[in-house]
Every structure is written in structure tokens, then in C-alpha cells.
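Visitor: Only the shape, not the letters, is given here:
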């Protein structure tokens, strides 16, 4: 048997899923699948039809058709057995009513399962149980390694706590002796300015203790009275002469260097040689609270716009990351509040109970309720994807209007328009200008500067919301390649709002359904956003 392709179609001929197992041109497989609906009869539950090139083995399943495209020399008995296994996989990974929406929602799981049945056109010797095990990807060795790692981590934490208690106990024990050492230092300071030295017999007398106490008080008051007038240490002044000094720059050289760096777009601090410390960058969506359960919801945008404002393509990729930092709360479930989310494709982790996720209200929980989520490492429990050509979904539309005034000179107006469903932050628009700095630069919103190092105009707007839903920047620039020299325009921004209508309002214990404390961060950022 050589199976070319397995496909799921509607009875009207619409292809919902097609997986090719041998290398063939796309046009050929599309022709085969387009020809099949014209050959199908409606009087039988399952049958085979043939053309001059291939054989179709198909089976109606509710409102859909499951089709295998094989060569004409294949064993029909083996083909029917393979078709039955494909049908079981389709029912297993599309629970509930089997319709077009269910197939599109579980297309990733179906693709992976189809790959387990047929490899390089030939059927694998697998059962339904084998397919489920391979898809779940459970490993006893991995579980054992995780248990050993977690045990070592717990031992390290206990050792750290023990060391901390030992250090704290030693510091408390050294407390009184440290105070005595400070008093001795004061006495030594007083002794340095006095010639009084008590004899061994005089040390034990009441008068000696009185003199010592008086000396300590005098030393403290005397040293504190001098603190404001005496420098901490004496520094010998350096004589400035006219002799030769190695490494001394010539007059004006450092100033010219700084000016050149500013001209190249470098940022120069307030004082030369003193670099301002930079705060470490945090991961977008990284939880900031100290709760034992942390959730991070993050979406990435890939958008391509045409220069007249139309949308060529848009893709949204998102995921929900779960991080357990306290093993005591590892057994938990995540109830989800989900909206319509038309057009979105969702994929859960193989260890997540898909039946609980597909029902409403949706819940993310492990297949085995007795197990706990891994501790100390983030786990992607849910992913989603949206592809759209609807311009109403674009968060920020960029329009560029170049007007040629002479051979190589253009007057440009670049405008942004905000989709008011969003609030954008750190908006940055980069316009390439290879011929040099523009003139007549005017920005109605934010700030625009020319960067010589990248030969581009950088337009930055800190926040774009309903108060400044549109804005423009105007300038005059030269281009030897015509208007194409000002494209592509790159855009970047972040937003606290995401496309997917998904909310995690609470986290519950898997044992008694009691609420658990958790931290959550959500945000959207740009992977690629271009105007071409």
C-alpha cells in the first residue's frame, strides 16, 4: 500500500484537512481532492472509486467525508483497515459533535495523529493506544529525572536555610563583643592624644573606671566636634606643570570626538565616562508577584500592510504560560472565561485534559488529577493562532503619502490611525531614508529624529490611545530609487490588551476546588509589522 494523502472534507467538497505522506506537487494533490466530490455516490456508507491515476477510499462520518488517496495497486483490505483507524482517530481527537468547526479547532492534534498512522506512504504497525501514548509523549525516564532534580532543589533550599540560621546565630553571638571593640577604639583614640597610662594596680581601682568612662565620653564628643572641619583623608595636590604628559590628548580632540558621536546618533550621557546604569529588561508578561502560581499571557503579531493602508496579511500567535514556584500548590486547575474567538485555532499541551477544555465553561487541568504541574519551570499549557485578512482587526494602520516635487526630491506625509479597541505603548515607526537627513521635519505627535547609523527616520510616540488616535509626521527627503526608497516601513509597539478573548479570573485546587493565590500578566508585542 502507498497512501498519498489523507483528507477530511465536507460533503460539498471543501477541504478541512489534508495531510500528504509522499512528496508530490501541490497542484496535483489539489486536483485529486477537487475531482473526488464529483465521483462520490450517495447510496453507500463507504466505498471506493478510481480514476486513471489513483484510488479513493472514503467513508462518510456524520456531515464529513474521510478520504484516503492511494495508488491503484494497493491492497483494498489493508486500505479499509487503515481507513477505520483514521476514523477512530478523528472521533477521538474531535470529541462531541463532529463538524467543520470541531475539525478546524483540533487540526494540530489530528495532523500529529495522522503522522503516527502512515509514514512515507506506508501504514505503521500501531494501535489506537500506541497513538495516544505517542501523542502524549509521556516518559518514565523524564519523570524520574524531574523527581531527582526537584529533590536536589529541595535539599539545596534546606541547606541554604540552615546556613542562613547559622550565620544569623553567629552574628547575634558576636554582637556584645563588637560593641566592646567600638568602645576600645574610642579609648585608643583618646589615648593617642594623652600621656596617661594607668599602672596594673591602678586599672582595678574605682578611680580608673571613672577616668576611663570620662575619657570615652570626651573622645566621642571631641571626635564628633572635629568631623565637620577635618577631611576624611589628606590628598596631596597634583602640581600642574608644562612637562610632557604621556597619553594626553591634543586640544579639542575629545570634544570633536563627542560631537562626531552625537552626529552619528550615539547617546551621550551628562558626564563623559559616567555611564548611567540600565535597569534589567524584564520578559514581556513575566509575573511580578510572589504568589506560588504565576500566569503569563503573551501574544505576538505578524502584520503586513500595503502602502495605501490595505491589509495583505495578519497573524496572531499567543500562548498561556504556567509557572509553579511552590510545590504545595502544584495540583491546580485554571477555569477560563472565553469569548466568541471566531477564527482562532487552539492547541492544548498533550498532558492537558482536552475534554474539559472543549466544554463550556472551559477549564485547563491535567489528564491525571492526582498529578501536579512541574515546579520551577514555565509550562505552555495553551497556544492559539489567528490568521485574518480583515482590516478591522489591525491595531494600527500606517499610511504613507509621497509626493514627487523634482527629480529626486519627495514631500512625505506619514499618518497613523489607531483601532480604538486598543491602547498602544512605545510606538516606534522606522522610515528608511538612504540619501541623508530630511528637511522640514514636523511631527504632530511624539518626536521624530534622523539616525545616521541606520539611515532612517525614527518616529516615537510613548502612548497612542483615544486622546491621540491619529497623528502625522511631515518631511522632505531625497531618493534616487523613487518612492520605493522609503519602504518598507517597520513598526513596533506593545499593548496590555490581547486579541484573544480569554481571561483567567481564578485558580482552584484540584483536590478541593478551593481558590489559590496567583499572579498574572498579559500583553501583546510585535514580531514583524511592516508597510511594503
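Guide: Nice, I can see it. Remember, it's a predicted structure, so these values are computed and weren't measured experimentally. Numbers count the residues shown, from 1 in each chain.

Visitor: you'd agree residue 508 is up against residue 333?
Guide: Yes. Residue 508 is within contact range of residue 333, at 5.1 Å (criterion: C-beta atoms under 8 Å). Every residue, glycine included, has its C-beta placed from N, CA and C.

Visitor: Report the set of residues contacting both of those two.
Guide: Between them, residue 508 and residue 333 share no contacting residue under C-beta atoms under 8 Å, 6 or more residues apart in numbering.

Visitor: out of the two, which sits in the busier spot?
Guide: Using other C-beta atoms under 10 Å, the more surrounded residue of residue 508 and residue 333 is residue 333, with 20 against 17.

Visitor: Neighbouring strands - and their directions - for the helix or strand hosting residue 380?
Guide: For residue 380, the host element (DSSP states H and E) is strand 379-388. Strand 379-388 pairs in its sheet with strand 311-324 (antiparallel), strand 345-348 (antiparallel), by DSSP bridges.

Visitor: buried set for stretch 49-60?
Guide: For stretch 49-60, a neighbour-count test (16 or more other C-beta atoms under 10 Å) marks 49, 54-59 as buried.

Visitor: so what's the nearest residue to residue 350 once chain neighbours are set aside scoring on pLDDT?
Guide: Spatial nearest neighbour of residue 350, chain neighbours left out: residue 136 (4.6 Å); criterion: C-beta to C-beta, 6 or more residues apart in numbering. Here the pLDDT value assigned to residue 136 is 78.

Visitor: Hmm, residue 348 and residue 136 touching each other?
Guide: No. Look at residue 136 against residue 348 with C-beta under 8 Å: they stay out of range, at 11.4 Å.

Visitor: So residue 448 versus residue 483, what's the distance?
Guide: Residue 448 sits 19 Å away from residue 483 when distances are taken as C-beta to C-beta, to the nearest Å.

Visitor: Among the two, which residue is more densely surrounded?
Guide: residue 448 (21 against 15).

Visitor: pretty sure the more buried one belongs to a strand, no?
Guide: Yes. Counting by DSSP: H, G, I helix; E, B strand; the rest coil, residue 448 is found in a strand.

Visitor: start the count at 14, not 1, going forward
Guide: In the new count, where the first residue is 14, that last one comes out as residue 461.

Visitor: Pairing partners for it in the sheet, please.
Guide: Applying DSSP bridges to residue 461 yields these beta-bridge partners: residue 472.

Visitor: Please name whichever of the strands paired with strand 392-401 is nearest to residue 420.
Guide: With C-beta to C-beta as the measure, strand 324-337 is the member of those nearest residue 420 (30.4 Å).

Visitor: Buried residues of that closest one, list them for me.
Guide: Buried residues in strand 324-337, defined by neighbour count with 16+ other C-beta under 10 Å: 324, 327, 329, 331-337.

Visitor: just checking, what packs against the helix or strand just after that strand?
Guide: Next along the chain after strand 324-337, taking DSSP H and E as the criterion, comes strand 345-348. Packing partners of strand 345-348 (3 or more C-beta pairs under 8 Å, 6 or more residues apart in numbering; DSSP states H and E): strand 376-377, strand 520-522.

Visitor: Do you know the pLDDT at the spatially closest residue to residue 346 that is not a sequence neighbour?
Guide: Nearest residue to residue 346 in three dimensions, chain neighbours excluded: residue 378, at 4.1 Å (C-beta to C-beta, 6+ apart). Per-residue pLDDT puts residue 378 at 94.

Visitor: List the residues that contact residue 378.
Guide: Each residue near residue 378 by C-beta under 8 Å, 6+ apart is listed here: 346-347, 365-366, 369, 523.

Visitor: All the helices of this structure, in order from the start?
Guide: Along the chain, the segments classed as helices by DSSP state H run 39-52, 89-106, 113-118, 120-130, 141-149, 153-205, 213-216, 219-239, 266-276, 367-371.

Visitor: what sits up against stretch 60-79?
Guide: 17, 19-24, 29, 45, 48-49, 52-54, 58-59, 80-85, 87, 89, 92-93, 95-96, 99-100, 103-104, 110-113, 116.

Visitor: next one: stretch 117-136
Guide: The contact list for stretch 117-136 (C-beta under 8 Å, 6+ apart) reads 14-17, 19, 21, 29-30, 32, 34-35, 91, 95, 98-99, 102-103, 105-107, 116, 137, 139, 143-144, 147-148, 358-360, 367, 371.

Visitor: Buried members of those residues into PyMOL, please.
Guide: Buried members of the contacts of stretch 117-136 can be picked out in PyMOL with the line below, counting by 16+ other C-beta under 10 Å:
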select buried, resi 14+15+16+17+19+21+29+30+32+34+95+98+99+102+103+105+106+107+116+144+147+148+359+360+367+371
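
Visitor: What is the neighbour count of residue 118?
Guide: 17.

Visitor: got a list of what the residue nearest to residue 363 touches?
Guide: The contact partners of residue 149, by C-beta under 8 Å, 6+ apart, come to 363-364, 380.

Visitor: Can you give me the distance of residue 181 to residue 175?
Guide: When residue 181 is compared with residue 175 (using C-beta to C-beta), they lie 11 Å apart.

Visitor: likewise residue 182?
Guide: For residue 182 relative to residue 175 (C-beta to C-beta), the value is 11 Å.

Visitor: go on, residue 411?
Guide: Distance of residue 411 to residue 175, given as C-beta to C-beta: 59 Å.
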